[in-house]
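S.K.: below are the sequence and a predicted model for it; my questions follow.
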Amino acid sequence: MSMKFRVIVPACHRLRLGSILSFHIPHLQGQDLELTLSIKNSQFIANLRHAAGRSECDVHLNDMRKKYPDASHHCWAVVAAAPNDSTYYGLSDAGEPSGTAGKPMLQVLSHCGIGEVSVVVCRYFGGTKLGTGGLVKAYSEAVKLVVEACPTHLKRDLTQAQLQCPYDLSGRIEHLCNFYQVNIDDRIYSESLSLNITLPSENITALQTDIAALASVTLLIPELSMTPDNGSKT
């Protein structure tokens with residue numbers, strides 16, 4: 001029996017298949033998470049917000065400046081996309097000695113495994129200088145405090161596709177769908193069975209490999225789309 005196996009993926013998407021396509025983002029339902037760290041009478045108010053892009057980070061910073069207009073400093077750090085995508089990192093010492101605020105804040109954010117996250121730390125000076133080492137520790141601890149308290153949920157790249165197969169292979173196909181977390185959106189019954197499906201993009205390559213071992217099966221992949229999943233962690 002000859003094998004019919006066809007995969008169609010637009011060229012603009014092919015390089016994404018090997019990348020990290022899912023990551024956790026803040027799950028705050030449109031609210032901010034804010035905690036305060038006190039060190040030698042200085043108050044470090046750490047405010048965390050979900051921010052999908054630099055423009056949302058700018059809004060966050062402006063909101064904090066309005067909320068705490070008399071703070072000594074409004075330092076910030078942001079990971080505005082996936083945690084491993086350094087092109088979307090940003091930081092500012094906001095008048096603190098160079099490297100004592102934004103850099104340690106970003107160090108914490110970029111290693112916490114959360115993406116699309118913005119943190120602004122508003123400092124009220126308490127009268128006692130902390131020194132450069134003390135500032136690094138204070139800003140790091142303030143960000144750790146709010147990050148560890150942040151609930152998250154999983155954001156995944158989801159691919160919509162279509163599977164076409166003979167009816168005698170439908171049981172095998174549905175088993176693969178269950179194994180690779182494929183959601184069957186619609187079934188179309190004609191001369192063969194067509195399944196409109198949605199699956200995590202990181203599972204595409206493995207599904208393609210298993211389907212390639214089957215006869216008369218076609219997998220059509222028209223596009224990729226980024227969608228929040230329901231999985232969450234606290």
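M.R.: Sure thing, it's come through.

S.K.: please count neighbours and contacts with C-alpha atoms only from this point.
M.R.: Will do.

S.K.: could you chop the chain up by domain?
M.R.: Here the domain assignment for the chain is 7-22+154-233, 28-150, based on automatic domain parsing.

S.K.: okay, now Leu193: neighbour count?
M.R.: Applying other C-alpha atoms under 10 Å, we find 17 other residues in the vicinity of Leu193.

S.K.: which residue ranges form the helices in this protein?
M.R.: Assigned by DSSP state H, the helices in the chain fall at 11-14, 54-67, 102-110, 131-148, 170-179, 204-212.

S.K.: what about this protein, any weak spots by pLDDT?
M.R.: 1-21, 222-234 (pLDDT under 70).

S.K.: grab the nearest non-local neighbour of Pro83.
M.R.: Gly115 (4.6 Å; C-alpha to C-alpha, 6 or more residues apart in numbering).

S.K.: show me what contacts the one you found?
M.R.: 23-26, 79-83 (C-alpha atoms under 8 Å, 6 or more residues apart in numbering).

S.K.: with these in mind, which one is nearest to Thr205?
M.R.: Phe23 (18.6 Å; C-alpha to C-alpha).

S.K.: just checking, that closest one touches Pro83?
M.R.: Yes - counting by C-alpha atoms under 8 Å, Phe23 does reach Pro83; the two are 7.5 Å apart.

S.K.: those two: which has the busier surroundings?
M.R.: The residue with more neighbours, out of Phe23 and Pro83, is Pro83; 24 against 21, by other C-alpha under 10 Å.
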